[in-house]
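quick one, fold the following:
(chains A, B and C)
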Amino acid sequence: MAKKIISFASDFGLQDGSVGVVKGVISRIDKDILVNDISHQIPPQDIKYGSLLLMRAIQYIPQGVLLAVVDPGVGTDRKAIAITTDWGVMIGPDNGLLNLACATVGGAQKAYALENENWIIPHEGNTFHARDIFAPFAAGYASGDLKLEEFGPELDLEDLKQYLIPLTDITDDEIKGEVLYIDEFGNCQTNISPQELTEKDFKIGDVIPIKIDNQELSAKWCETYKNETIGGIGIVIDSWGMASLFLSNGNAQKLLNCKDNSKVIIKVSN
Amino acid sequence: MAKKIISFASDFGLQDGSVGVVKGVISRIDKDILVNDISHQIPPQDIKYGSLLLMRAIQYIPQGVLLAVVDPGVGTDRKAIAITTDWGVMIGPDNGLLNLACATVGGAQKAYALENENWIIPHEGNTFHARDIFAPFAAGYASGDLKLEEFGPELDLEDLKQYLIPLTDITDDEIKGEVLYIDEFGNCQTNISPQELTEKDFKIGDVIPIKIDNQELSAKWCETYKNETIGGIGIVIDSWGMASLFLSNGNAQKLLNCKDNSKVIIKVSN
Amino acid sequence: MAKKIISFASDFGLQDGSVGVVKGVISRIDKDILVNDISHQIPPQDIKYGSLLLMRAIQYIPQGVLLAVVDPGVGTDRKAIAITTDWGVMIGPDNGLLNLACATVGGAQKAYALENENWIIPHEGNTFHARDIFAPFAAGYASGDLKLEEFGPELDLEDLKQYLIPLTDITDDEIKGEVLYIDEFGNCQTNISPQELTEKDFKIGDVIPIKIDNQELSAKWCETYKNETIGGIGIVIDSWGMASLFLSNGNAQKLLNCKDNSKVIIKVSN
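Prediction:
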């Protein structure tokens, strides 16, 4: 029989024991479940960061069950949900954290609210939803003891919250995108794909005119993070497949003084 | 056969490989043991923090074996011990780290010193007790190869070190407690229980007069971390079941300028 | 059958999901492989730190497969390699990260380049080598599906990159060493062994004249980290078996203002 694995991501940090407690709850329900930690250092309450992280990870992690918790709305009436996909079942809060991961594996098929009281751990005081709701449903499902249809009422997919990656806006003269994500080395990933560049006849080696916020510059499209133009910003297709701005042996974000959501406009000469 | 699990908490941090080495020692003794990490970022040498963390976690983590190391007295004559409880066996230094967890699951039953030389890894230089003593005993016991009676001499439970949560002091006019723990959001957990509040006829929705250090204020007892009184401190029963001071969308600790051990006095009007 | 374990160390940090993705890749290849995390907080690109960490850990972690990635040369022509030893197979970049660990377990026996295209995950954009190359080879080997001889061309051991611990220089009058590693408590581990001290007739309890950078001082050789000389630097054989400078209840590094690679000269009186 295939081993039961739950992949687990959260913004809980690793200090206060919350992650260990959630894994303990899973283990008490079924000792044979193995938990694969994706990250527990998603910046607190940062749904965008969590959403992009899950989108990138989903195709590499074992199919089956994803438990993901970044939950600024805990204690409000936001629903606790499970979404079924070709990849498996994704469990978390209904706040847009899961939809990019769903879309990456072919889209949501069905959704259920986690409302079966038999699988909610009763607790005096405020509910710690990951411990008391999300983990028991994930473990019950992974163990085979809890069927999807027993989770709670089926939800209309149309009603689920969505986090959407901002789309590029492409005209004859410009590709208008933005900075999606800045990594710890200061590389600035944009929402511009290599296809969007090649459709405008750019190719590797080209020096491409770019406007970031209101600075104009030229950036060479490089094959790797090595750019022989000393001190110059380069463009590279990063390991997630998106155009990213970098500075060889330096920090592009600091040089450009740009930030999350900064506008990135690529000028197309016709 | 039930899978063998060791739950492991420490103040080792995650950088220098100590946690991996301890888990390696366990794995070399029995490859089938699964280690559930509770936290390795207990603040260095903070027995109070570790003790409270274990007390909260113990009822959620799989019964069997707990390995817990926060050990400012390493290298002195403090004993290395194992304590048996209804939950299972808890292994660590004799410095009060374990007794709250023991009490939470019904109390210590027996205690042993870890002195069986066959299970201590010899080492030139200073002993790294988690690697050389605690881990081999935990793994030997979990694997079934080492019986409790073989650990070393049985100890008198009366002689074990204790860390005690400061008790509240309740009079007709006051509930005197203190701040036990401040979380990363600035919520200030006290040692006051909801029972102590209801016995003084307070109920959810009441505005309760409080003195913290020498500041007087009123705090509304709220059901969740949402307090509609803008800018006001609220009281909530937190996910560990204790009365906690919070500030909606803010940081209660900063507003109150209070700290660990700050006195919290609730005034009772008769 | 013995369980399959891969020990995994890197400088990826724990935030961005890279570690979870690499473990996901392993799990997709064989769900029965257990990953033992050694550390993922090796300082970024610090081959020396990683190399010493692996050297210390290797004898404690389960024999079989080591996956280690600290890889400042990713994207250049540095090779991806596997080295066989009595301990098992070590997989990582060819930059000296692995050779101290190899030497600790009896030395490298054979080495192979990871070039079998069937085991490299194709990817648009820059390759994330841990995900796309190192992990599949490690998992394929651990699972038994990929033989060493199928990894790629065998390499000449002479051609592998080496990271070497700086040797001490011993004369009649002096032991010249240096600071290898400063831990989070400010203890300064040197490359001087207890044997080198005893061969010069020093023994525990002696007060030993030392010069660090250009400061002269006397340090007592103590058995533990307790030094009764208030405020004085002590020497202790640390839990890795090397002479280390410490300050009881203080921070030796700050007192001495020394750093990684600071020269440490022990004066021998004849």
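
now stretch A:62-77: buried residues?
Residues of stretch A:62-77 classed as buried by neighbour count (16 or more other C-beta atoms under 10 Å in any protein chain shown): A:P62, A:Q63, A:G64, A:V65, A:L66, A:L67, A:A68, A:V69, A:V70, A:D71, A:V74. Placement of C-beta: from N, CA and C, glycine included.

before we move on, what about stretch A:35-55?
Those would be A:35-42, A:46-55, for stretch A:35-55 by 16+ other C-beta under 10 Å.

before we move on, the earlier item: where strands are concerned, which of the buried residues of stretch A:62-77 count?
The strands, defined by DSSP state E, take in A:G64, A:V65, A:L66, A:L67, A:A68, A:V69 from the buried residues of stretch A:62-77.

and what about the residue nearest to A:I233 when sequence neighbours are not counted, helix, strand or coil?
Leaving aside its chain neighbours, A:I233 sits nearest to A:A219 (4.5 Å; criterion: C-beta to C-beta, 6 or more residues apart in numbering or on different chains). Classification of A:A219 by DSSP: H, G, I helix; E, B strand; the rest coil places it in strand.

burial count for A:A219?
A:A219 sits with 24 neighbouring residues when counted by other C-beta atoms under 10 Å in any protein chain shown.

domains for chain A, by residue range?
Domain ranges of chain A: A:5-159, A:169-267, per automatic domain parsing.

which of the ones you listed has the lowest mean pLDDT?
Among the domains of chain A, domain A:169-267 has the lowest mean pLDDT, at a mean of 91.

does stretch A:69-77 come close to chain C?
No - using C-beta under 8 Å from any C-beta of the partner chain, stretch A:69-77 never reaches chain C; the gap is at least 12.5 Å.

no wait, stretch A:4-18
Yes - judged by C-beta under 8 Å from any C-beta, stretch A:4-18 and chain C are in contact via A:I5, A:S7, A:A9, A:L14.

ditto for stretch A:175-182
No - between stretch A:175-182 and chain C, judged by C-beta under 8 Å from any C-beta, nothing touches; the nearest distance is 9.1 Å.

CA atoms of that stretch as CSV?
Taking Å, rounded to 0.1, in the frame of the first residue of the first chain, the C-alpha atoms of stretch A:175-182 are listed here in CSV:
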residue,chain,number,x,y,z
ILE,A,175,4.8,44.5,-21.9
LYS,A,176,3.5,45.9,-18.6
GLY,A,177,4.1,43.6,-15.7
GLU,A,178,5.2,43.9,-12.1
VAL,A,179,7.5,42.5,-9.4
LEU,A,180,5.8,39.4,-7.9
TYR,A,181,8.4,38.3,-5.4
ILE,A,182,11.8,39.4,-4.2
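
which residues touch that stretch?
Residues from elsewhere that reach stretch A:175-182 (C-beta atoms under 8 Å, 6 or more residues apart in numbering or on different chains): A:49, A:52, A:165-166, A:168-170, A:188-192, A:196-197, A:200, A:212, A:242-243, A:245, A:253, A:258-266, A:268.

for chain C, tell me which of those show up nearby.
Answer for the contacts of stretch A:175-182 near chain C (C-beta under 8 Å from any C-beta): A:M242.

still on that earlier bit, need the ones in strands among the buried residues of stretch A:62-77 in CSV (columns: distance to C:G24).
Shown next, in CSV, are these (distance: C-beta to C-beta, whole Å):
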residue, distance to C:G24
A:G64, 11
A:V65, 13
A:L66, 11
A:L67, 14
A:A68, 14
A:V69, 18
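
which of those residues lies closest to C:L114?
Taking C-beta to C-beta as the measure, C:L114 lies nearest A:G64 of these, at 28.2 Å.

so who does the nearest residue to the closest one once chain neighbours are set aside touch?
With sequence-adjacent residues excluded and distances taken as C-beta to C-beta, 6+ apart, A:G64 is closest to A:G88, at 4.5 Å. Counting by C-beta under 8 Å, 6+ apart, A:G88 touches A:Q63, A:G64, A:V65, A:L66.

also A:A130?
A:S10, A:F12, A:S18, A:V22, A:L67, A:V69, A:D71.
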